[in-house]
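Visitor: just to be clear, the model below is a prediction. Sequence and coordinates:
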Amino acid sequence: MDVEKKSWEYFALRSAFFGIGFSLILIIVIGGYFWYESRPKPQKPWDNNAIVAFYDIVDTRGENNTIVFRYTLENKTDYDYSIKDKSDFLFYANLNKQRSLSGGTIDEYLNIDYPIFIPSKHRLRVNINLNYSTTFISPTLISSKEEKEKHFKELNNYINTEITNLDGFTLFDETKRYKIEFPAGWKTKQ
């Protein structure tokens, strides 16, 4: 009977230690999982390739002949892309000399035409408006090809000599984490 009692006590003691050890491991695993899940998650990096901008031309518009940069945006994603409101994005002018961005909000001096909707795998032409008056008058629809080419060349030269610090534009879509770089194509078209 003594051997039976010791065997039973040994089994009970061993079971208790096993239960305590298993419970501690379970608490550590569950606590570790909740700690891991509650950690701050790093932001998704900016995607520079989802929407790509290609420079087209620079022109003037309106009574004050303000400058308009025309670009084509290409949606390289499998999803439609849209900007419905100015609170959906931040828009900057790239400054060459300071190597920095300027702006951030749409205002009376710098803006982009929106709303924008680009279906998946499609392209769309957009205008960036710089409220900077010039003496250049945009050619009419009936202007000759030579007159139009002369206008665009003179306007490019003007921008390259008078607005030398402008080095393109950048749009940040904070929701989708898209960064759209608008290159300074007028610098290469002289």
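Guide: Yes, it's here. Keep in mind that this is a model prediction, so the values were computed, not measured.

Visitor: need the phi and psi values for residue 94.
Guide: In terms of degrees, to the nearest 10, the main-chain angles of residue 94 are phi -90, psi 130.

Visitor: residues contacting it?
Guide: 100-102, 166-170, 184 (C-beta atoms under 8 Å, 6 or more residues apart in numbering). For glycine as for every other residue, the C-beta is placed from the backbone atoms N, C-alpha and C.

Visitor: show me those residues that map onto strands.
Guide: Judged by DSSP state E, the contacts of residue 94 include 100-102, 166-170 as members of strands.

Visitor: so which of those residues is the closest to residue 68?
Guide: Nearest to residue 68 among the ones in strands among the contacts of residue 94 is residue 169, at 12.4 Å by C-beta to C-beta.

Visitor: what's around that closest one, how many residues?
Guide: 24 (other C-beta atoms under 10 Å).

Visitor: for residue 182, same thing?
Guide: Residues lying near residue 182 (other C-beta under 10 Å) number 23.

Visitor: check residue 28 too.
Guide: Residue 28: 10 neighbours (other C-beta under 10 Å).

Visitor: just among the ones in strands among the contacts of residue 94, which is most surrounded?
Guide: Neighbour counts for the ones in strands among the contacts of residue 94 (other C-beta under 10 Å) peak at residue 169, which has 24 neighbours.

Visitor: quick check: the gap between that one and residue 103.
Guide: Distance, residue 169 to residue 103, using C-beta to C-beta, to the nearest Å: 9 Å.

Visitor: and for these two, which residues touch both?
Guide: 91-93, 110.

Visitor: mind putting the residues you listed in CSV, distance to residue 145 and pLDDT included?
Guide: Listed next are the shared contacts of residue 169 and residue 103 as CSV, based on distance: C-beta to C-beta, whole Å; pLDDT from 0 to 100:
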residue, distance to residue 145, pLDDT
91, 33, 91
92, 35, 92
93, 31, 92
110, 31, 87
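
Visitor: now tabulate those in JSON lines and tack on neighbour count and secondary structure.
Guide: Compiled in JSON lines, the shared contacts of residue 169 and residue 103 are given as follows (neighbours: other C-beta atoms under 10 Å; DSSP: H, G, I helix; E, B strand; the rest coil):
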{"residue": "91", "neighbour count": "23", "secondary structure": "strand"}
{"residue": "92", "neighbour count": "18", "secondary structure": "strand"}
{"residue": "93", "neighbour count": "21", "secondary structure": "strand"}
{"residue": "110", "neighbour count": "20", "secondary structure": "strand"}
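
Visitor: assign residue 27 to helix, strand or coil.
Guide: Following DSSP: H, G, I helix; E, B strand; the rest coil, the label given to residue 27 is helix.

Visitor: circling back to that earlier point, need the contacts of residue 94 in JSON lines (columns: pLDDT and distance to residue 157).
Guide: Below are the contacts of residue 94 laid out as JSON lines (pLDDT from 0 to 100; distance: C-beta to C-beta, whole Å):
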{"residue": "100", "pLDDT": "87", "distance to residue 157": "26"}
{"residue": "101", "pLDDT": "87", "distance to residue 157": "26"}
{"residue": "102", "pLDDT": "85", "distance to residue 157": "23"}
{"residue": "166", "pLDDT": "91", "distance to residue 157": "14"}
{"residue": "167", "pLDDT": "93", "distance to residue 157": "17"}
{"residue": "168", "pLDDT": "94", "distance to residue 157": "18"}
{"residue": "169", "pLDDT": "95", "distance to residue 157": "20"}
{"residue": "170", "pLDDT": "95", "distance to residue 157": "24"}
{"residue": "184", "pLDDT": "93", "distance to residue 157": "14"}
